[in-house]
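Enquirer: Would you be able to build a 3D model of this:
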Amino acid sequence: MLQAVADQPECWPALPQDAKDTYATLHMWTQMVGKVRLKLAPLINHWWNVPLYVTARGLTTSRIPYGQRAFELWFDFLRHELVLETSDGIIKTLPLAPRSVAEFYGEFMEMLGSAGINVKIWRMPVEIANPIAFDQDRVHGSYDAGAVERLWRILLSVDAVFGEFRSKFIGKCSPVHFFWGSFDLAVTRFSGRRAPERPGADAMTREAYSHEVSSVGFWLGGGDVNGAAFYSYTVPEPQGFKDAPVRPNAARYDKQLGEFLLMYEDVRKAESPTASLLEFCQSTYEAGATLGNWDRSALER
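Expert: Next comes the predicted model:
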């Protein structure tokens, strides 16, 4: 059923070539929202308290505790607005439209305050080159609604495939979640064993990779990766992993990143995008788990 429905062309649209500014702006907006969750939600292993989640309309924080109250923030990419809803019935919205990150930040914090939610977040974006404080950023201000809708449609499709892939694993596994720092959608499996500590790792990295993992994700690319791509890695990387045969044929190992990559364009143009992506997820996981001596009989259905 997943394949029959999700292989329709509209489920895997082409990403606009001229939408980088829009995605860069949206990236900053999601970081603001994510930082609110980071500030108020209790720490969960591997920072699972910080991501956003794909919904039928966009991205959500899920419930955030706030004293005797709770609230939720979500991006609605059909009506193009950021929605705030509290447990005592307050609903407020902020239009998603072209304006600077600095303007959006001021309006966002004002919306929270008007609902009685007083929270201070670190104003510097993370995991990007040349960061600019939110309240000073007048560089990023684009918002193409059509480009955002295309990205959201892709996230819906990828979320469904990752969910299908996740269902085959009965060991410890993350939710399918959207990390606003790196602006990617990912799901991570665990062997159950602790991983060697990375020399020189910061506190965030130590927490994220405290145990052996196999992770697959989707992101818009960057650096030498020109275009949206799927990635897969195993940490710690077992000997022989980079030379392992994986599928589909378009997948390749990137030595600089230490990850297998499969370009989004190769998936969307495949006879069955869902089958192609599932093949990538499964074959790269099998390579890492087998070479890493995971107890696969205890971890898989």
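Enquirer: Can you give the contact residues for stretch 283-301?
Expert: By Cβ atoms under 8 Å, 6 or more residues apart in numbering, the list of residues contacting stretch 283-301 from outside reads 167-171, 189, 191-192, 212, 214, 216, 232-234, 236-241, 244-247, 251, 260. C-beta here means a position set from N, CA and C on the backbone, and glycine is covered the same way.
Enquirer: What's the end-to-end length of it?
Expert: 16 Å (Cα to Cα, to the nearest Å).
Enquirer: Mind giving me the PyMOL command for buried ones among the contacts of stretch 283-301?
Expert: Burial among those is assessed by 16 or more other Cβ atoms under 10 Å; the matching PyMOL selection reads:
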select buried, resi 169+189+191+212+214+216+232+233+234+238+241+244+246+251+260
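Enquirer: Please narrow the contacts of stretch 283-301 to those residing in helices.
Expert: Using DSSP state H to define helices, no part of the contacts of stretch 283-301 is located there.
Enquirer: The contacts of stretch 283-301 in strands, which ones?
Expert: Counting by DSSP state E, these place 189, 191, 192, 212, 214, 216, 232, 233, 234, 260 in strands.
Enquirer: Distance to residue 83 added to the residues you listed, as a markdown table?
Expert: Putting the ones in strands among the contacts of stretch 283-301 into a markdown table (distance: Cβ to Cβ, whole Å) gives the following:
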| residue | distance to residue 83 |
| --- | --- |
| 189 | 32 |
| 191 | 39 |
| 192 | 39 |
| 212 | 38 |
| 214 | 35 |
| 216 | 30 |
| 232 | 33 |
| 233 | 34 |
| 234 | 38 |
| 260 | 37 |
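Enquirer: And the furthest pair within those?
Expert: The two members of these with the most space between them (Cβ to Cβ) are 192 and 260, at 22.6 Å.
Enquirer: which ones are touching residue 29?
Expert: Contacts of residue 29 (Cβ under 8 Å, 6+ apart): 75, 82, 96, 101, 104, 108.
Enquirer: Let's see which of the residues you listed end up in helices.
Expert: Residues of these located in helices (DSSP H): 101, 104, 108.
Enquirer: With respect to residue 255, which of these is nearest?
Expert: The nearest member of the ones in helices among the contacts of residue 29 to residue 255, counting by Cβ to Cβ, is residue 101 at 34.5 Å.
Enquirer: Excluding sequence neighbours, find me the nearest residue to the closest one.
Expert: Closest residue to residue 101 apart from its sequence neighbours, by Cβ to Cβ, 6 or more residues apart in numbering: residue 137 at 3.7 Å.
Enquirer: For residue 105, see how far away the one you found is.
Expert: Look at residue 137 and residue 105: by Cβ to Cβ, to the nearest Å, they are 8 Å apart.
Enquirer: Same question for residue 254.
Expert: In this view, residue 254 and residue 105 are 34 Å apart by Cβ to Cβ.
Enquirer: Looking at these two, which is more packed in?
Expert: residue 105 (20 against 16; other Cβ atoms under 10 Å).
Enquirer: where along the protein do the strands fall?
Expert: In the chain, strands defined by DSSP E lie at 53-54, 58-60, 64-66, 69-76, 81-86, 91-95, 177-179, 184-194, 211-219, 229-235, 252-254, 259-263, listed in chain order.
Enquirer: Including distance to residue 40 and mean pLDDT, could the ones you listed go into TSV?
Expert: Converted to TSV, those look like this (distance: least, Cβ to Cβ, whole Å; pLDDT from 0 to 100):
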stretch	distance to residue 40	mean pLDDT
strand 53-54	16	98
strand 58-60	15	98
strand 64-66	5	98
strand 69-76	9	98
strand 81-86	13	98
strand 91-95	17	98
strand 177-179	17	98
strand 184-194	23	98
strand 211-219	25	98
strand 229-235	29	98
strand 252-254	36	98
strand 259-263	32	98
